[in-house]
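Chemist: next input, structure requested:
(2 chains)
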Amino acid sequence: MALYIFKRVLLFIPTLFGITLITFFLMHSLPGDPVTSMVGERASPETVARIRAELGHDKSLIRQYAGYLKLISSGELGRSLYTQQRVADDLVQKFPNTVRLALAAMLFASSLGIGLGVFAAVKRGTSWDRLVTLLSVGGISIPVFWLGLALMLVFALYLRWLPPSGMGGGGLMYIVMPAATLGTFSLSYITRVTRSSMLETLSQPYVAAARAKGLSEMSVVFKHALKNSLIPIVTLIGLDLGSYLNGAVLTETIFGWDGLGRYALDGILKRDYPVIMGVVLFGAVVFVTMNLLVDISYHFLDPRVRIKGEA
Amino acid sequence: MLNDLSLKDLTRNTPALIASVLLLLLAATALIGPSLAPYDPLAMDLDNLRQPPGKAHLFGTDSKGRDILSRVIYGSRISLAVGIIASALSLGIGIFFGLIAGYFGGRIDAVLSQAFDVFLAFPSLLLAIGISAVMPAGLASAMLAITLVSWAGFARLVRGITLSLKEHTYVEASRALGASPARILYRHILPNALPLILVAGSLRVGGFILLEAALSFLGLGVQPPTPTWGSMISLNRSYINSAPWMVIFPGLAISVTVISFNILGDFLRDKLDPRMRVQ
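Modeler: Numbering: from 1, shown residues only, chains lettered A, B, ... in the order given. Prediction:
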């Protein structure tokens, strides 16, 4: 067990290096001096001097990359070219808002997705089943930003049930539309996988046995079938975390949600490169770390994975 | 396997049939767009700002009096071009590295697989934002960004297929006869892997079109005044309350296109790849 975790963490290290190599090259391909593209010209002389000591033009590319690693590992992701704020501080400040939105979206996607998937599997071959399947194709095909605008138009501007945008100091009503918008993509995948996993379980002999024993259909579906269909569903929910970071950029922009995504968009609009690169690097590190944690937690949760992993 | 696919299968599957007809219409629209569009997509008409859909302007006009239908028609060219070219490029790169990693194994495989993992470690839109932000915005940079975030997924798939195909006896026989690796890969492994690769590719075209729309929406794709579906939504979204048609029609265009590609992709997967079939 400890060995598995150790191996898995060891594999994580080259990936981190690879990620920083890519962000380093992106930063390097910007026009001008890499020092300017990290902190701008208006940064305080001490900051510029510190960054120049690591990334100076006079050094070889490899030494510059080493300097870059040194800077980011000390938490120096550069300064915003406009506000002169440390990008790392901004990221730490905005990240919790994105996490809150993503958790709400995940709750929405998993509860509704499992519900719809079970429903479609039980109603297999009927028009209900086809409707759910069609909706789930729609959910992965509609652009997130357009879905958000459409929801806003209907629920905030026409029906006036929900506030159109903003965070409302944490009010529950404010998170409903952004969470539904961000969760729809994942919802569709969860629905599909739940449906197919349930269909497979429902065809197993022990389900027939449970029915033959005279158990109620509710008990057969939820206690026997669903419980045994959950592994692929939970895997999917875990591996789909990246889609929330993608969707957050668009969803937060639409709804004025003060998280990483909107911060990235502000950076894009102003060509504030340290901000853009900071979000890209931070997003990737968060994403691989989440995947690592998901992998390790499977190892604890699912005896089948554990045996295979140690064999 | 490709021969198993017949037109009859398509006509028996209503959603796939509708999707193919829509995509053919869309392709035709993109090809003959200029003669189809009722107006010049860039011509401003200051007497007709924000006109709701009506006889003169089927989809209405935008905040500069430009005809939205004409702009949606011109926008189809960019969406389709990016979707198809980015698929072809990322498939090409993915096939090349996937075949090499899977066939040669060992250290080559270890290095290449690590590279695939690094590219897959980024949330795709974030990496695409990073890449297109450092390049001058435009069609080429959007395509390059989408290709660079997508090739590794194909490479990993092709590597896996190659790993299993190279164990077949016909590959061993060919090797025993002295065939070069390039010949084995090209003549034996690639043709057998192709159906699976094409299924994976067709399932991704819709995603590429969405990614292009998202980049355009964020201002990183093809620049105004050239109309793209994503930028039309982003430029007009402040009018969502007073003139919703300016946002609704380009969004419908994206949605219908992507839904059609996804339905067709599902259909191809069910026909060509029984292993991946969702029951």
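
Chemist: longest helix of the chain?
Modeler: I went with chain A, as the question did not name one. Of all the elements of type helix in chain A, the one with the most residues (DSSP state H) is helix A:87-122.

Chemist: should've been chain B
Modeler: For chain B, assigning by DSSP H, the longest helix comes out as helix B:68-104.

Chemist: quick one: mean pLDDT for that helix?
Modeler: For helix B:68-104, the per-residue pLDDT values average out at 92.

Chemist: list the buried ones in that helix?
Modeler: Neighbour counts over helix B:68-104 (16 or more other CB atoms under 10 Å in any protein chain shown) mark B:68-80, B:82-83, B:85-87, B:89-91, B:93-95, B:97-103 as buried. Where you see a C-beta, it was placed from the backbone N, CA and C, and this is true even at glycine.

Chemist: with stretch B:153-168 instead?
Modeler: Across stretch B:153-168, burial judged by 16+ other CB under 10 Å covers B:Gly153, B:Phe154, B:Ala155, B:Arg156, B:Leu157, B:Val158, B:Arg159, B:Ile161, B:Thr162, B:Leu165, B:Lys166.

Chemist: now the longest helix of chain A, how far from the chain's geometric center?
Modeler: Relative to its parent chain, helix A:87-122 has a centroid offset of 8 Å by CA atoms, centre = their mean, to the nearest Å.

Chemist: now the angle between helix A:87-122 and the helix or strand that that helix is followed by, please.
Modeler: Sequence-wise, the next helix or strand beyond helix A:87-122 is helix A:127-141, with elements assigned using DSSP states H and E. Angle, helix A:127-141 to helix A:87-122, by axes from the mean of the first three to the mean of the last three CA atoms, to 10 degrees: 160 degrees.

Chemist: is chain B within reach of whichever helix or strand comes after helix A:127-141?
Modeler: Proceeding N to C from helix A:127-141, the next assigned helix or strand is helix A:144-151, under DSSP H and E. Yes. Counting by CB under 8 Å from any CB of the partner chain, chain B has neighbours in helix A:144-151: A:Val144, A:Phe145, A:Trp146, A:Leu149, A:Ala150.

Chemist: tell me the secondary structure at the residue in the stretch 1-150 of chain A that chain B sits nearest to.
Modeler: Among all residues of the stretch 1-150 of chain A, A:Gly18 sits closest to chain B, at 3.0 Å; criterion: CB to the nearest CB. In terms of secondary structure, A:Gly18 is helix; the call rests on DSSP: H, G, I helix; E, B strand; the rest coil.

Chemist: now it. Nearest residue, chain neighbours left out?
Modeler: Excluding the flanking residues, the one nearest A:Gly18 by CB to CB, 6 or more residues apart in numbering or on different chains is B:Val118, at 3.0 Å.

Chemist: now the one you found: which helix or strand?
Modeler: Here B:Val118 is covered by helix B:106-120, with elements defined by DSSP H and E.

Chemist: now do that helix against helix B:68-104, angle only.
Modeler: 160 degrees.

Chemist: and the next helix-or-strand element following helix B:106-120, what other elements does it pack with?
Modeler: For helix B:106-120, the succeeding helix or strand toward the C-terminus, using DSSP H and E, is helix B:124-134. With contacts defined as 3 or more CB pairs under 8 Å, 6 or more residues apart in numbering or on different chains; DSSP states H and E, the secondary structure elements packing on helix B:124-134 are helix A:2-28, helix A:241-255, helix A:260-269, helix A:273-301, helix B:139-165, helix B:190-217.

Chemist: could I get the next helix or strand after the first one in CSV with only the CA atoms?
Modeler: If I follow you right, that is helix A:2-28. Using DSSP H and E, the next helix or strand after helix A:2-28 towards the C-terminus is helix A:34-39. Listed in CSV are the C-alpha atoms of helix A:34-39, where the atom choice follows Å, rounded to 0.1, in the frame of the first residue of the first chain:
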residue,chain,number,x,y,z
PRO,A,34,11.2,37.1,-20.2
VAL,A,35,11.7,39.3,-17.1
THR,A,36,9.2,41.9,-18.5
SER,A,37,6.7,39.2,-19.4
MET,A,38,6.8,38.0,-15.8
VAL,A,39,6.6,41.3,-13.9
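
Chemist: ok, residues contacting helix A:34-39?
Modeler: Residues outside helix A:34-39 that contact it (CB atoms under 8 Å, 6 or more residues apart in numbering or on different chains): A:27-28, A:30, A:47-48, A:51-52, A:55-57, A:64, A:71, A:78-79, A:81, A:273-274.

Chemist: inside helices: which ones of the residues you listed?
Modeler: Secondary structure from DSSP H places A:Met27, A:His28, A:Thr47, A:Val48, A:Ile51, A:Arg52, A:Leu55, A:Gln64, A:Leu71, A:Tyr273, A:Pro274 of the contacts of helix A:34-39 in helices.

Chemist: does the third one touch A:Gln85 like I think?
Modeler: The one in question is A:Thr47. No. Counting by CB atoms under 8 Å, A:Thr47 does not reach A:Gln85; the two are 11.8 Å apart.

Chemist: looking at these two, which one has more neighbours?
Modeler: Neighbour totals were compared for A:Thr47 and A:Gln85, and A:Thr47 leads with 18 against 13 (other CB atoms under 10 Å in any protein chain shown).

Chemist: could you tell me the per-residue confidence at the more buried one?
Modeler: A:Thr47 is assigned 81 on the pLDDT scale.

Chemist: roughly how far apart are it and A:Tyr82?
Modeler: Distance from A:Thr47 to A:Tyr82, counting by CB to CB, to the nearest Å: 15 Å.
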